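Student: need a structure here:
(2 chains)
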Amino acid sequence: MEYSDKVMEHFINPRNVGEIPDADGIGEVGNPKCGDMMKIYLKIEDNIIKDVKFKTFGCGAAIASSSMATELIKGKTLEEAWNLTNKAVAEALGGLPAVKMHCSVLAEEAIHKAINDYRIKNGLEPWEDRFSNSEHDHHE
Amino acid sequence: MEKRFVYMDHAATTYVKPEVLEAMMPYFTENFGNPSSVYTFSRKSKKAIEEAREKVAKALNALPDEIFFTGGGSEADNWAIKGVAFANRDKGNHIITTKIEHHAVLHACEYLEKIGFEITYLDVDEYGMVNIDELKKAITDRTILITIMFANNEIGTIQPIAEIGKIARERGIIFHTDAVQAVGNVKIDVKEMNIDLLSLAAHKFYGPKGVGALYIRKGVKIDNLIHGGGQEKGKRAGTENLPGIVGLGKAIELATQDIDGHNERIKKLRDRLLNGIMEKIPYTRLNGHPEKRLPGNINVSFKFIEGESLLLLLDQFGICASTGSACSSGSLDPSHVLLAIGLPHEIAHGSLRLTLGDLNTEEDVDYVLSVLPNIVQRLREMSPLYEKFIKGEI
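Tutor: Prediction:
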(Lines give C-alpha, C1' and ligand atoms only; values in the text may rest on other atoms or scores of the structure.)
Protein backbone atom coordinates (compact mmCIF):
# COMPACT_ATOMS: atom_id res chain seq x y z
CA MET A 1 0.00 0.00 0.00
CA GLU A 2 1.42 3.30 -1.00
CA TYR A 3 0.16 6.84 -0.56
CA SER A 4 0.10 9.46 -3.30
CA ASP A 5 2.45 12.43 -3.08
CA LYS A 6 -0.54 14.63 -2.29
CA VAL A 7 -1.56 12.43 0.65
CA MET A 8 1.98 12.52 2.00
CA GLU A 9 2.20 16.26 1.51
CA HIS A 10 -1.03 16.87 3.46
CA PHE A 11 -0.03 14.33 6.08
CA ILE A 12 3.36 15.92 6.69
CA ASN A 13 2.10 19.51 6.51
CA PRO A 14 -1.53 19.26 7.55
CA ARG A 15 -3.61 22.42 7.11
CA ASN A 16 -6.07 23.70 9.71
CA VAL A 17 -4.92 21.62 12.68
CA GLY A 18 -6.27 22.84 15.98
CA GLU A 19 -9.38 23.87 17.85
CA ILE A 20 -11.79 26.79 17.63
CA PRO A 21 -12.70 27.58 21.24
CA ASP A 22 -15.91 29.43 20.30
CA ALA A 23 -16.85 27.16 17.41
CA ASP A 24 -20.39 27.43 16.03
CA GLY A 25 -20.50 23.77 15.09
CA ILE A 26 -18.48 20.75 16.22
CA GLY A 27 -18.55 17.29 14.66
CA GLU A 28 -16.81 14.28 16.17
CA VAL A 29 -16.89 10.91 14.42
CA GLY A 30 -15.07 7.59 14.52
CA ASN A 31 -13.95 5.53 17.43
CA PRO A 32 -10.46 5.14 18.92
CA LYS A 33 -11.16 1.40 19.13
CA CYS A 34 -11.05 1.25 15.35
CA GLY A 35 -7.94 3.39 15.16
CA ASP A 36 -9.42 6.60 13.84
CA MET A 37 -11.34 9.50 15.25
CA MET A 38 -11.92 12.94 13.77
CA LYS A 39 -13.17 16.19 15.27
CA ILE A 40 -14.02 19.21 13.16
CA TYR A 41 -14.69 22.74 14.41
CA LEU A 42 -16.56 25.31 12.27
CA LYS A 43 -16.79 29.07 12.58
CA ILE A 44 -19.82 30.19 10.59
CA GLU A 45 -20.90 33.69 9.57
CA ASP A 46 -23.78 34.47 7.18
CA ASN A 47 -24.03 30.83 6.11
CA ILE A 48 -20.32 30.85 5.15
CA ILE A 49 -17.59 28.73 6.74
CA LYS A 50 -15.26 31.48 7.88
CA ASP A 51 -12.85 29.17 9.66
CA VAL A 52 -12.38 25.46 10.16
CA LYS A 53 -10.03 23.43 12.32
CA PHE A 54 -9.60 19.74 12.96
CA LYS A 55 -8.06 17.24 15.30
CA THR A 56 -7.57 13.65 14.19
CA PHE A 57 -6.37 10.46 15.81
CA GLY A 58 -5.53 8.04 13.05
CA CYS A 59 -3.38 6.92 10.20
CA GLY A 60 -1.73 9.00 7.49
CA ALA A 61 -4.81 8.83 5.27
CA ALA A 62 -7.08 9.99 8.09
CA ILE A 63 -4.91 13.01 8.81
CA ALA A 64 -4.49 13.87 5.12
CA SER A 65 -8.25 13.49 4.53
CA SER A 66 -9.01 15.85 7.41
CA SER A 67 -6.52 18.37 6.09
CA MET A 68 -7.84 18.22 2.52
CA ALA A 69 -11.52 18.24 3.52
CA THR A 70 -11.06 21.29 5.73
CA GLU A 71 -9.23 23.08 2.89
CA LEU A 72 -12.07 22.25 0.50
CA ILE A 73 -14.84 23.67 2.70
CA LYS A 74 -13.12 26.81 3.93
CA GLY A 75 -14.94 29.90 2.63
CA LYS A 76 -17.77 27.79 1.21
CA THR A 77 -21.49 28.02 1.99
CA LEU A 78 -22.97 25.39 4.29
CA GLU A 79 -24.79 23.86 1.32
CA GLU A 80 -21.58 23.59 -0.65
CA ALA A 81 -19.76 22.10 2.32
CA TRP A 82 -22.58 19.62 2.90
CA ASN A 83 -22.33 18.45 -0.70
CA LEU A 84 -18.62 17.68 -0.47
CA THR A 85 -18.43 13.91 -0.95
CA ASN A 86 -15.81 11.57 0.39
CA LYS A 87 -14.97 10.74 -3.22
CA ALA A 88 -14.18 14.38 -3.94
CA VAL A 89 -11.86 14.44 -0.92
CA ALA A 90 -10.11 11.27 -2.07
CA GLU A 91 -9.81 12.58 -5.63
CA ALA A 92 -8.35 15.87 -4.44
CA LEU A 93 -5.73 13.79 -2.62
CA GLY A 94 -4.78 12.03 -5.83
CA GLY A 95 -6.62 8.91 -4.71
CA LEU A 96 -6.54 6.78 -1.57
CA PRO A 97 -5.73 3.06 -1.27
CA ALA A 98 -8.98 1.02 -1.22
CA VAL A 99 -8.52 0.02 2.42
CA LYS A 100 -8.21 3.71 3.32
CA MET A 101 -11.34 5.01 1.58
CA HIS A 102 -13.16 4.95 4.91
CA CYS A 103 -10.88 7.77 6.06
CA SER A 104 -12.42 10.08 3.47
CA VAL A 105 -15.88 8.90 4.56
CA LEU A 106 -14.94 9.88 8.08
CA ALA A 107 -14.07 13.40 6.89
CA GLU A 108 -17.40 13.79 5.08
CA GLU A 109 -19.25 12.51 8.15
CA ALA A 110 -17.39 14.85 10.49
CA ILE A 111 -18.30 17.86 8.34
CA HIS A 112 -21.95 16.78 8.23
CA LYS A 113 -22.02 16.32 11.95
CA ALA A 114 -20.47 19.75 12.54
CA ILE A 115 -22.96 21.42 10.18
CA ASN A 116 -25.90 19.71 11.84
CA ASP A 117 -24.54 20.62 15.25
CA TYR A 118 -24.63 24.25 14.09
CA ARG A 119 -28.15 23.83 12.65
CA ILE A 120 -29.52 22.27 15.81
CA LYS A 121 -27.91 24.93 18.00
CA ASN A 122 -29.63 27.54 15.81
CA GLY A 123 -33.04 25.91 15.98
CA LEU A 124 -32.91 24.49 12.46
CA GLU A 125 -33.83 21.00 11.26
CA PRO A 126 -30.73 18.84 10.83
CA TRP A 127 -30.05 17.73 7.27
CA GLU A 128 -30.20 14.04 6.47
CA ASP A 129 -26.85 12.29 6.20
CA ARG A 130 -26.38 9.92 3.28
CA PHE A 131 -24.16 7.77 5.48
CA SER A 132 -26.62 7.53 8.36
CA ASN A 133 -26.53 3.75 8.28
CA SER A 134 -24.05 2.57 5.72
CA GLU A 135 -20.36 2.36 4.90
CA HIS A 136 -18.92 3.41 8.17
CA ASP A 137 -20.80 1.00 10.37
CA HIS A 138 -17.70 -0.82 11.51
CA HIS A 139 -17.01 2.15 13.71
CA GLU A 140 -20.03 1.49 15.86
CA MET B 1 21.03 16.39 14.80
CA GLU B 2 21.76 15.60 11.16
CA LYS B 3 19.34 13.30 9.38
CA ARG B 4 20.56 9.72 9.13
CA PHE B 5 19.32 6.32 8.04
CA VAL B 6 18.50 4.17 11.04
CA TYR B 7 17.26 0.64 10.50
CA MET B 8 15.52 -0.65 13.60
CA ASP B 9 13.34 -3.37 12.12
CA HIS B 10 15.63 -6.39 12.44
CA ALA B 11 12.73 -8.59 13.53
CA ALA B 12 11.26 -8.03 10.07
CA THR B 13 14.48 -8.94 8.31
CA THR B 14 18.20 -8.37 8.49
CA TYR B 15 20.84 -7.48 5.93
CA VAL B 16 23.11 -10.24 4.65
CA LYS B 17 26.53 -10.10 6.29
CA PRO B 18 29.42 -9.68 3.85
CA GLU B 19 31.01 -12.96 5.02
CA VAL B 20 27.73 -14.73 4.30
CA LEU B 21 27.39 -13.22 0.85
CA GLU B 22 31.00 -14.09 0.12
CA ALA B 23 30.38 -17.71 1.03
CA MET B 24 27.31 -17.81 -1.22
CA MET B 25 28.76 -16.21 -4.34
CA PRO B 26 30.65 -19.16 -5.85
CA TYR B 27 27.45 -21.22 -5.76
CA PHE B 28 25.70 -18.85 -8.15
CA THR B 29 28.32 -18.66 -10.83
CA GLU B 30 31.01 -21.33 -10.55
CA ASN B 31 29.74 -24.28 -8.53
CA PHE B 32 26.21 -24.20 -9.81
CA GLY B 33 25.83 -27.94 -10.35
CA ASN B 34 22.61 -29.64 -9.34
CA PRO B 35 23.44 -31.54 -6.13
CA SER B 36 21.41 -34.51 -7.40
CA SER B 37 23.54 -35.01 -10.53
CA VAL B 38 26.10 -37.81 -10.65
CA TYR B 39 29.11 -36.14 -12.29
CA THR B 40 32.09 -34.91 -10.33
CA PHE B 41 31.25 -31.24 -10.91
CA SER B 42 28.07 -31.53 -8.84
CA ARG B 43 29.76 -33.13 -5.87
CA LYS B 44 30.93 -29.69 -4.77
CA SER B 45 27.31 -28.63 -4.53
CA LYS B 46 26.34 -31.72 -2.58
CA LYS B 47 29.29 -31.22 -0.26
CA ALA B 48 28.42 -27.56 0.35
CA ILE B 49 24.90 -28.51 1.37
CA GLU B 50 26.12 -31.17 3.76
CA GLU B 51 28.56 -28.72 5.33
CA ALA B 52 25.75 -26.23 5.83
CA ARG B 53 23.65 -28.97 7.38
CA GLU B 54 26.42 -29.74 9.83
CA LYS B 55 26.64 -26.09 10.82
CA VAL B 56 22.92 -25.89 11.51
CA ALA B 57 23.04 -29.14 13.48
CA LYS B 58 25.94 -27.85 15.56
CA ALA B 59 24.15 -24.59 16.34
CA LEU B 60 21.14 -26.47 17.72
CA ASN B 61 22.94 -29.50 19.20
CA ALA B 62 21.14 -31.74 16.73
CA LEU B 63 22.44 -34.39 14.34
CA PRO B 64 23.02 -33.37 10.71
CA ASP B 65 20.50 -36.05 9.67
CA GLU B 66 17.85 -34.18 11.64
CA ILE B 67 18.15 -30.93 9.63
CA PHE B 68 15.99 -30.37 6.53
CA PHE B 69 16.25 -27.24 4.42
CA THR B 70 13.08 -25.42 3.42
CA GLY B 71 12.03 -22.31 1.54
CA GLY B 72 11.86 -20.29 4.76
CA GLY B 73 10.28 -20.12 8.20
CA SER B 74 6.67 -20.24 7.06
CA GLU B 75 7.26 -23.44 5.11
CA ALA B 76 9.02 -25.00 8.09
CA ASP B 77 6.07 -24.11 10.35
CA ASN B 78 3.51 -25.42 7.87
CA TRP B 79 5.45 -28.62 7.35
CA ALA B 80 5.88 -29.26 11.08
CA ILE B 81 2.23 -28.69 11.90
CA LYS B 82 0.46 -30.24 8.93
CA GLY B 83 3.05 -33.01 8.59
CA VAL B 84 2.69 -34.11 12.21
CA ALA B 85 -1.08 -33.71 12.17
CA PHE B 86 -1.52 -35.91 9.09
CA ALA B 87 1.05 -38.53 10.12
CA ASN B 88 -0.38 -38.98 13.61
CA ARG B 89 -4.11 -38.87 12.93
CA ASP B 90 -4.48 -42.42 14.20
CA LYS B 91 -3.29 -41.26 17.65
CA GLY B 92 -5.53 -38.23 17.95
CA ASN B 93 -6.71 -34.97 16.45
CA HIS B 94 -5.90 -32.43 19.15
CA ILE B 95 -3.23 -29.73 18.85
CA ILE B 96 -2.24 -27.16 21.46
CA THR B 97 -0.84 -23.77 20.51
CA THR B 98 -1.08 -20.18 21.77
CA LYS B 99 -2.90 -17.02 20.79
CA ILE B 100 0.33 -15.16 20.06
CA GLU B 101 1.90 -17.40 17.42
CA HIS B 102 3.10 -16.15 14.06
CA HIS B 103 0.45 -16.34 11.35
CA ALA B 104 2.34 -19.22 9.71
CA VAL B 105 1.42 -21.29 12.78
CA LEU B 106 -1.98 -19.78 13.53
CA HIS B 107 -3.31 -20.04 10.00
CA ALA B 108 -1.93 -23.57 9.56
CA CYS B 109 -3.82 -24.52 12.74
CA GLU B 110 -6.98 -22.79 11.55
CA TYR B 111 -6.74 -24.73 8.31
CA LEU B 112 -6.46 -28.01 10.23
CA GLU B 113 -9.42 -26.98 12.37
CA LYS B 114 -11.50 -26.66 9.21
CA ILE B 115 -10.73 -30.22 8.21
CA GLY B 116 -11.56 -31.79 11.53
CA PHE B 117 -8.68 -31.23 13.95
CA GLU B 118 -9.28 -29.65 17.33
CA ILE B 119 -7.05 -26.78 18.32
CA THR B 120 -6.58 -25.26 21.76
CA TYR B 121 -5.29 -21.69 21.60
CA LEU B 122 -3.74 -21.00 24.99
CA ASP B 123 -4.05 -17.56 26.55
CA VAL B 124 -0.97 -15.68 27.65
CA ASP B 125 -0.52 -13.35 30.60
CA GLU B 126 -0.02 -9.57 30.43
CA TYR B 127 3.64 -10.13 29.50
CA GLY B 128 2.86 -12.64 26.78
CA MET B 129 3.93 -15.69 28.83
CA VAL B 130 2.23 -19.05 28.54
CA ASN B 131 0.86 -20.48 31.78
CA ILE B 132 2.36 -23.93 32.33
CA ASP B 133 -0.57 -25.14 34.44
CA GLU B 134 -2.99 -24.18 31.69
CA LEU B 135 -0.87 -26.04 29.19
CA LYS B 136 -0.94 -29.15 31.39
CA LYS B 137 -4.71 -28.87 31.78
CA ALA B 138 -5.21 -28.54 28.04
CA ILE B 139 -3.50 -31.87 27.32
CA THR B 140 -5.86 -34.77 26.57
CA ASP B 141 -5.23 -38.33 25.47
CA ARG B 142 -6.03 -37.13 21.94
CA THR B 143 -3.28 -34.46 21.93
CA ILE B 144 -0.70 -35.19 19.23
CA LEU B 145 1.17 -31.89 18.98
CA ILE B 146 2.13 -28.88 21.07
CA THR B 147 3.38 -25.95 19.01
CA ILE B 148 4.58 -22.91 20.96
CA MET B 149 6.92 -20.24 19.67
CA PHE B 150 10.33 -19.80 21.26
CA ALA B 151 10.27 -15.99 21.22
CA ASN B 152 7.57 -13.64 20.01
CA ASN B 153 8.23 -11.55 16.92
CA GLU B 154 6.24 -8.53 18.11
CA ILE B 155 6.79 -8.19 21.84
CA GLY B 156 9.95 -10.30 22.15
CA THR B 157 8.73 -12.44 25.05
CA ILE B 158 10.72 -15.67 25.47
CA GLN B 159 8.72 -18.73 26.53
CA PRO B 160 9.88 -21.39 29.05
CA ILE B 161 10.69 -23.77 26.19
CA ALA B 162 12.67 -26.33 28.22
CA GLU B 163 9.81 -26.64 30.69
CA ILE B 164 7.27 -27.09 27.92
CA GLY B 165 9.53 -29.62 26.20
CA LYS B 166 9.81 -31.65 29.38
CA ILE B 167 6.06 -31.80 29.80
CA ALA B 168 5.52 -32.80 26.18
CA ARG B 169 8.17 -35.52 26.36
CA GLU B 170 6.74 -36.96 29.59
CA ARG B 171 3.31 -37.15 28.02
CA GLY B 172 4.62 -38.54 24.73
CA ILE B 173 3.38 -35.54 22.72
CA ILE B 174 5.35 -34.11 19.82
CA PHE B 175 6.67 -30.61 20.57
CA HIS B 176 7.32 -28.06 17.83
CA THR B 177 8.69 -24.58 18.38
CA ASP B 178 8.84 -21.73 15.91
CA ALA B 179 12.32 -20.39 16.74
CA VAL B 180 12.51 -17.96 13.83
CA GLN B 181 13.12 -14.99 16.14
CA ALA B 182 15.17 -16.90 18.71
CA VAL B 183 18.08 -18.25 16.67
CA GLY B 184 21.16 -16.14 17.33
CA ASN B 185 19.51 -14.41 20.28
CA VAL B 186 18.90 -17.31 22.66
CA LYS B 187 21.02 -20.42 23.26
CA ILE B 188 19.17 -23.37 21.83
CA ASP B 189 19.83 -27.01 22.65
CA VAL B 190 17.16 -29.22 21.13
CA LYS B 191 18.29 -32.29 23.11
CA GLU B 192 18.38 -30.61 26.49
CA MET B 193 15.14 -28.71 25.81
CA ASN B 194 13.31 -31.81 24.53
CA ILE B 195 12.36 -30.12 21.28
CA ASP B 196 11.08 -32.48 18.58
CA LEU B 197 10.71 -29.96 15.76
CA LEU B 198 12.12 -26.47 15.35
CA SER B 199 11.64 -23.91 12.57
CA LEU B 200 14.20 -21.29 11.60
CA ALA B 201 14.71 -18.73 8.82
CA ALA B 202 18.08 -17.44 7.60
CA HIS B 203 17.03 -13.84 6.96
CA LYS B 204 16.43 -13.20 10.67
CA PHE B 205 20.09 -13.84 11.51
CA TYR B 206 21.93 -12.03 8.71
CA GLY B 207 21.43 -14.73 6.10
CA PRO B 208 19.51 -14.58 2.82
CA LYS B 209 15.73 -14.48 2.41
CA GLY B 210 13.73 -17.44 1.13
CA VAL B 211 15.65 -20.18 2.92
CA GLY B 212 15.04 -21.84 6.25
CA ALA B 213 15.21 -25.19 7.95
CA LEU B 214 13.16 -27.59 9.98
CA TYR B 215 14.84 -29.70 12.63
CA ILE B 216 13.06 -33.02 12.92
CA ARG B 217 14.19 -35.24 15.78
CA LYS B 218 14.95 -38.78 14.70
CA GLY B 219 11.91 -40.95 15.22
CA VAL B 220 9.27 -38.21 14.88
CA LYS B 221 6.48 -39.28 12.55
CA ILE B 222 5.85 -36.59 9.96
CA ASP B 223 4.35 -36.52 6.48
CA ASN B 224 5.84 -34.60 3.60
CA LEU B 225 4.51 -31.18 2.70
CA ILE B 226 6.25 -30.74 -0.66
CA HIS B 227 5.99 -33.88 -2.77
CA GLY B 228 8.25 -34.54 -5.73
CA GLY B 229 11.87 -35.56 -6.17
CA GLY B 230 14.08 -37.30 -3.67
CA GLN B 231 15.92 -34.29 -2.24
CA GLU B 232 16.46 -33.96 1.50
CA LYS B 233 16.33 -37.72 1.95
CA GLY B 234 13.00 -37.85 0.19
CA LYS B 235 11.34 -35.58 2.75
CA ARG B 236 11.36 -32.23 0.99
CA ALA B 237 11.25 -32.20 -2.79
CA GLY B 238 12.63 -29.51 -5.05
CA THR B 239 16.11 -28.69 -6.29
CA GLU B 240 17.99 -27.23 -3.36
CA ASN B 241 18.46 -23.47 -3.03
CA LEU B 242 22.18 -24.05 -3.08
CA PRO B 243 23.55 -20.52 -2.49
CA GLY B 244 20.76 -19.88 0.02
CA ILE B 245 21.57 -23.01 1.99
CA VAL B 246 25.28 -22.18 1.99
CA GLY B 247 24.37 -18.69 3.21
CA LEU B 248 22.14 -20.09 5.94
CA GLY B 249 24.97 -22.33 7.12
CA LYS B 250 27.47 -19.50 7.28
CA ALA B 251 24.97 -17.15 8.91
CA ILE B 252 23.98 -19.56 11.67
CA GLU B 253 27.64 -20.29 12.37
CA LEU B 254 28.34 -16.57 12.82
CA ALA B 255 25.15 -15.91 14.76
CA THR B 256 25.71 -18.65 17.32
CA GLN B 257 29.45 -18.41 17.93
CA ASP B 258 29.15 -15.66 20.57
CA ILE B 259 25.52 -15.25 21.62
CA ASP B 260 26.47 -13.84 25.04
CA GLY B 261 28.71 -11.17 23.55
CA HIS B 262 26.12 -10.25 20.93
CA ASN B 263 23.36 -10.04 23.49
CA GLU B 264 25.38 -7.92 25.85
CA ARG B 265 26.12 -5.37 23.14
CA ILE B 266 22.59 -5.25 21.72
CA LYS B 267 20.95 -5.20 25.15
CA LYS B 268 23.05 -2.24 26.21
CA LEU B 269 21.90 -0.26 23.18
CA ARG B 270 18.32 -1.45 23.60
CA ASP B 271 18.18 -0.42 27.23
CA ARG B 272 19.67 2.98 26.47
CA LEU B 273 16.91 3.49 23.90
CA LEU B 274 14.14 2.08 26.05
CA ASN B 275 15.13 4.07 29.12
CA GLY B 276 15.34 7.21 27.00
CA ILE B 277 11.87 6.63 25.56
CA MET B 278 10.29 5.97 28.95
CA GLU B 279 12.03 9.04 30.39
CA LYS B 280 11.23 11.47 27.58
CA ILE B 281 7.76 10.40 26.51
CA PRO B 282 4.94 10.41 29.05
CA TYR B 283 1.91 8.11 28.82
CA THR B 284 3.97 5.28 27.39
CA ARG B 285 3.82 1.59 28.30
CA LEU B 286 6.25 -1.22 27.59
CA ASN B 287 4.64 -4.24 25.94
CA GLY B 288 6.08 -7.69 26.61
CA HIS B 289 8.13 -9.09 29.45
CA PRO B 290 10.53 -6.68 31.21
CA GLU B 291 13.34 -9.29 31.41
CA LYS B 292 12.46 -12.44 29.50
CA ARG B 293 12.57 -10.76 26.11
CA LEU B 294 14.73 -10.76 22.99
CA PRO B 295 17.82 -8.56 23.43
CA GLY B 296 17.03 -6.19 20.55
CA ASN B 297 13.29 -5.87 21.06
CA ILE B 298 11.40 -2.77 22.16
CA ASN B 299 7.63 -2.66 21.92
CA VAL B 300 5.89 0.34 23.42
CA SER B 301 2.46 1.93 23.18
CA PHE B 302 2.10 5.69 23.13
CA LYS B 303 -1.34 6.69 24.34
CA PHE B 304 -3.57 8.96 22.23
CA ILE B 305 -1.81 8.37 18.88
CA GLU B 306 -1.94 5.84 16.07
CA GLY B 307 0.99 3.72 14.88
CA GLU B 308 0.89 4.10 11.12
CA SER B 309 1.11 7.88 11.22
CA LEU B 310 3.97 7.47 13.69
CA LEU B 311 5.83 5.17 11.26
CA LEU B 312 5.28 7.56 8.35
CA LEU B 313 6.76 10.44 10.32
CA LEU B 314 9.69 8.34 11.54
CA ASP B 315 10.29 7.39 7.91
CA GLN B 316 10.55 11.09 7.07
CA PHE B 317 13.51 11.15 9.45
CA GLY B 318 15.06 8.03 7.94
CA ILE B 319 13.99 5.69 10.75
CA CYS B 320 12.61 2.23 9.87
CA ALA B 321 10.30 0.72 12.49
CA SER B 322 7.06 -1.25 12.74
CA THR B 323 3.67 -1.14 14.49
CA GLY B 324 0.83 -3.39 15.60
CA SER B 325 -1.79 -0.91 14.49
CA ALA B 326 -4.52 -2.20 12.20
CA CYS B 327 -4.10 0.82 9.98
CA SER B 328 -0.71 -0.34 8.79
CA SER B 329 -1.94 -3.76 7.72
CA GLY B 330 -5.25 -2.87 6.11
CA SER B 331 -7.26 -4.97 8.58
CA LEU B 332 -9.66 -3.58 11.14
CA ASP B 333 -8.17 -5.17 14.23
CA PRO B 334 -4.79 -4.36 15.69
CA SER B 335 -2.15 -7.03 16.32
CA HIS B 336 -3.49 -10.31 17.73
CA VAL B 337 -0.47 -10.43 20.02
CA LEU B 338 -1.18 -7.03 21.60
CA LEU B 339 -4.84 -7.96 22.05
CA ALA B 340 -3.83 -11.30 23.62
CA ILE B 341 -1.76 -9.54 26.29
CA GLY B 342 -4.89 -7.58 27.15
CA LEU B 343 -4.29 -4.20 25.55
CA PRO B 344 -7.42 -2.21 24.69
CA HIS B 345 -7.71 -1.63 20.92
CA GLU B 346 -6.86 2.07 21.12
CA ILE B 347 -3.63 1.36 23.03
CA ALA B 348 -2.67 -1.42 20.62
CA HIS B 349 -3.17 0.99 17.70
CA GLY B 350 -0.53 3.26 19.24
CA SER B 351 2.21 0.64 19.39
CA LEU B 352 5.72 0.98 18.05
CA ARG B 353 8.21 -1.85 17.61
CA LEU B 354 11.90 -1.03 17.36
CA THR B 355 14.19 -4.04 16.89
CA LEU B 356 17.90 -3.43 17.10
CA GLY B 357 20.61 -5.39 15.36
CA ASP B 358 24.27 -5.65 14.60
CA LEU B 359 24.69 -2.43 12.64
CA ASN B 360 23.02 -0.18 15.20
CA THR B 361 25.20 2.19 17.18
CA GLU B 362 24.86 4.54 20.13
CA GLU B 363 24.57 7.36 17.59
CA ASP B 364 21.52 5.62 16.09
CA VAL B 365 19.95 5.33 19.52
CA ASP B 366 20.61 8.98 20.35
CA TYR B 367 19.26 10.06 16.97
CA VAL B 368 16.00 8.15 17.54
CA LEU B 369 15.78 9.70 21.01
CA SER B 370 16.21 13.15 19.49
CA VAL B 371 13.45 12.61 16.92
CA LEU B 372 10.83 10.32 18.46
CA PRO B 373 9.62 12.47 21.41
CA ASN B 374 8.89 15.41 19.07
CA ILE B 375 6.99 13.19 16.63
CA VAL B 376 4.87 11.70 19.40
CA GLN B 377 4.17 15.17 20.75
CA ARG B 378 3.26 16.47 17.30
CA LEU B 379 0.75 13.66 16.78
CA ARG B 380 -0.66 14.11 20.26
CA GLU B 381 -1.25 17.79 19.63
CA MET B 382 -3.25 16.72 16.58
CA SER B 383 -5.19 14.08 18.51
CA PRO B 384 -8.73 14.69 19.80
CA LEU B 385 -8.08 11.95 22.38
CA TYR B 386 -5.14 13.84 23.84
CA GLU B 387 -7.27 17.00 23.90
CA LYS B 388 -9.95 15.18 25.89
CA PHE B 389 -7.33 13.76 28.23
CA ILE B 390 -5.76 17.17 28.87
CA LYS B 391 -9.20 18.68 29.51
CA GLY B 392 -9.92 15.86 31.97
CA GLU B 393 -12.79 14.47 29.88
CA ILE B 394 -11.33 10.96 29.72
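Student: Secondary structure element for the residue nearest to A:Ile73 when sequence neighbours are not counted, which one?
Tutor: In space, A:Ile73 comes closest to A:Ala81 once its chain neighbours are excluded; the distance is 4.0 Å by Cβ to Cβ, 6 or more residues apart in numbering or on different chains. To be clear about C-beta, it is placed using only N, CA and C from the backbone, and glycine gets the same treatment. Here A:Ala81 sits within helix A:78-82, counting by DSSP states H and E.
Student: so who does residue 7 touch?
Tutor: Just going to use chain A. A:Gly60, A:Ala61, A:Ala64, A:Leu93, A:Gly94, A:Leu96 (Cβ atoms under 8 Å, 6 or more residues apart in numbering or on different chains).
Student: sorry, should have said chain B
Tutor: B:Tyr15, B:Cys320, B:Gly357, B:Leu359, B:Asn360.
Student: Among these, name the buried ones.
Tutor: B:Cys320, B:Gly357, B:Asn360 (16 or more other Cβ atoms under 10 Å in any protein chain shown).
Student: Just give me the closest of the residues you listed to chain A.
Tutor: B:Cys320 (15.7 Å; Cβ to the nearest Cβ).
Student: Could you check the pLDDT of that closest one?
Tutor: Per-residue confidence at B:Cys320 stands at 97 (pLDDT).
Student: in the sheet, who's paired with it?
Tutor: Beta-bridge partners for B:Cys320, by DSSP bridges, are B:Tyr7.
Student: Distance-wise, check it relative to B:Gly83.
Tutor: Separation of B:Cys320 from B:Gly83 (Cβ to Cβ, to the nearest Å) stands at 35 Å.
Student: now swap in B:Phe150 and tell me
Tutor: For B:Phe150, the distance to B:Gly83 equals 19 Å [Cβ to Cβ].
Student: now B:Ile167
Tutor: From B:Ile167 to B:Gly83 the distance is 22 Å (Cβ to Cβ).
Student: More neighbours: the two, which one.
Tutor: Ranked by neighbour count (other Cβ atoms under 10 Å in any protein chain shown), B:Ile167 and B:Gly83 place B:Gly83 first, with 22 against 18.
Student: List the contacts of the more buried one.
Tutor: Applying Cβ under 8 Å, 6+ apart to B:Gly83 gives the contacts B:Ile222, B:Asp223, B:Asn224, B:Leu225.
Student: Double-check that it belongs to a strand.
Tutor: No. B:Gly83 sits outside any strand when classified using DSSP: H, G, I helix; E, B strand; the rest coil, being helix.
Student: Now do the contacts for B:Leu269.
Tutor: B:Gly296, B:Leu356, B:Asn360, B:Thr361, B:Glu362, B:Asp364, B:Val365.
Student: Tell me, how many residues neighbour the nearest residue to B:Asn61 once chain neighbours are set aside?
Tutor: Closest residue in space to B:Asn61, ignoring its immediate chain neighbours: B:Asp189 at 4.4 Å, by Cβ to Cβ, 6+ apart. B:Asp189 is flanked by 14 other residues according to other Cβ under 10 Å.
Student: how about B:Asp189, secondary structure?
Tutor: coil.
Student: Could you pull out the strands in chain A for me?
Tutor: Under the criterion DSSP state E, strands of chain A are mapped to A:25-31, A:36-45, A:48-57.
Student: could the ones you listed be laid out in a markdown table, adding mean pLDDT, distance to A:Pro14 and mean neighbour count?
Tutor: A markdown table is the format used below for those (pLDDT from 0 to 100; distance: least, Cβ to Cβ, whole Å; neighbours: other Cβ atoms under 10 Å in any protein chain shown):
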| stretch | mean pLDDT | distance to A:Pro14 | mean neighbour count |
| --- | --- | --- | --- |
| strand A:25-31 | 96 | 16 | 20 |
| strand A:36-45 | 97 | 12 | 23 |
| strand A:48-57 | 98 | 8 | 23 |
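Student: could you dump those to a markdown table with distance to B:Tyr283?
Tutor: Converted to a markdown table, those look like this (distance: least, Cβ to Cβ, whole Å):
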| stretch | distance to B:Tyr283 |
| --- | --- |
| strand A:25-31 | 20 |
| strand A:36-45 | 17 |
| strand A:48-57 | 13 |
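Student: on that earlier part again, need the max-distance pair from the contacts of B:Leu269.
Tutor: Pairwise distances across the contacts of B:Leu269 peak at 14.3 Å for B:Gly296 and B:Glu362 (criterion: Cβ to Cβ).
Student: More neighbours: which of those two?
Tutor: Neighbour tally, B:Gly296 and B:Glu362, criterion other Cβ under 10 Å: the higher count belongs to B:Gly296, 25 against 11.
Student: List the residue ranges of chain B that fall below the pLDDT cut-off.
Tutor: Scanning chain B for pLDDT under 70 picks out the ranges B:327-332.
Student: Please repeat the previous calculation with a cut-off of 80.
Tutor: Applying pLDDT under 80 to chain B flags the ranges B:1, B:326-332.
Student: what's the answer for chain A, then?
Tutor: Filtered on pLDDT under 80, chain A yields the residue ranges A:1, A:130-140.
Student: How about the residues of it by chain B?
Tutor: A:1, A:3, A:8, A:11-12, A:14, A:17, A:19, A:28, A:32-39, A:55-63, A:97, A:99, A:138 (Cβ under 8 Å from any Cβ of the partner chain).
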